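Student: Sharing a model prediction with you, sequence too.
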Amino acid sequence: MAKQEKVIPWWQSRLKERDLMTAFFAKTWNKLGNRIKVMFPDRVRDLYYSAGRLAGLEAQREYFKVGKQKPPGDFKGIIEFIKMALERLIVPFGDIRVGKLYKLWLDEEAIIEIGDNPYASGYEDEEPSCFFLKGFIEAVLEYLTDFNRIEYEKLIVTEDSCMSTGDKICTFKITMTYPARGET
């Protein structure tokens, strides 16, 4: 009688390895992007950005509704929530860190760093291209500041470096500017 080999479900085999999953995700994301580029050559940025915003709104709404969690009420808490959501939901294969978190006179700023970013891996461009992630971060930031009635003058998210341009990591700078208080 021939020896029967044990069948291992895919989630218990080599697909568990981070590098393989990252490569699979990056390849799938790039193929999707190439198809979108062919179908809508002038709309790629807008489509990815809009999809990221939608993902951001849905992720945090469901997290707070289903988990019955209290939304963070300050800039630091919001940044920590964005980091957690990116780690667990959006970029589970990446290396996500809050590089800086500081307060200036009327500004609070944070820098979120994403290493091993599968959204930018294997993609080459002349400018930062993580439109989906930018949309996600902006949507969560705007929702939570509105939810907490945090008054701000400006809310800016920029991608300062990107792996698609040859940088080692993708960095997103988040700046919230508060209104100046009137003189009494």
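Tutor: Ah, there it is. Nothing here was measured: the structure is a model prediction, and the numbers come from that model.

Student: Quick check: the gap between the spatially most central residue of the chain and Glu151.
Tutor: In the chain, the C-alpha nearest the mean C-alpha coordinate belongs to Leu133, at 3.7 Å (Cα atoms, centre = their mean). Distance, Leu133 to Glu151, using Cβ to Cβ, to the nearest Å: 26 Å. Where C-beta positions appear, they are placed from N, C-alpha and C, glycine not excepted.

Student: quick one: what helix or strand has the residue nearest to the centre of the chain in it?
Tutor: Applying DSSP states H and E as the criterion places Leu133 in helix 131-147.

Student: following that helix, which helix or strand shows up next?
Tutor: strand 154-161.

Student: Against which helices or strands is that next one packed?
Tutor: helix 131-147, strand 170-177 (3 or more Cβ pairs under 8 Å, 6 or more residues apart in numbering; DSSP states H and E).

Student: is it possible to export the ones you listed to TSV including distance to Ala85?
Tutor: Conversion of the helices and strands packed on strand 154-161 to TSV gives the following (distance: least, Cβ to Cβ, whole Å):
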stretch	distance to Ala85
helix 131-147	7
strand 170-177	13
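
Student: Just the CA atoms of the helix holding Leu133, as PDB, please.
Tutor: This file holds the C-alpha atoms of helix 131-147, laid out as PDB (Å, rounded to 0.1, in the frame of the first residue of the first chain):
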ATOM      1  CA  PHE A 131      -2.900  57.200  -2.600                       C
ATOM      2  CA  PHE A 132      -5.000  54.500  -1.000                       C
ATOM      3  CA  LEU A 133      -3.100  54.900   2.300                       C
ATOM      4  CA  LYS A 134      -3.200  58.700   2.200                       C
ATOM      5  CA  GLY A 135      -7.000  58.500   1.700                       C
ATOM      6  CA  PHE A 136      -7.300  56.000   4.600                       C
ATOM      7  CA  ILE A 137      -5.300  58.100   7.000                       C
ATOM      8  CA  GLU A 138      -7.100  61.400   6.100                       C
ATOM      9  CA  ALA A 139     -10.600  59.800   6.400                       C
ATOM     10  CA  VAL A 140      -9.900  58.400   9.900                       C
ATOM     11  CA  LEU A 141      -8.300  61.600  11.000                       C
ATOM     12  CA  GLU A 142     -11.200  63.800   9.800                       C
ATOM     13  CA  TYR A 143     -13.800  61.500  11.200                       C
ATOM     14  CA  LEU A 144     -12.200  61.300  14.700                       C
ATOM     15  CA  THR A 145     -11.500  65.000  14.900                       C
ATOM     16  CA  ASP A 146     -15.100  65.800  13.900                       C
ATOM     17  CA  PHE A 147     -16.500  63.100  16.200                       C
END
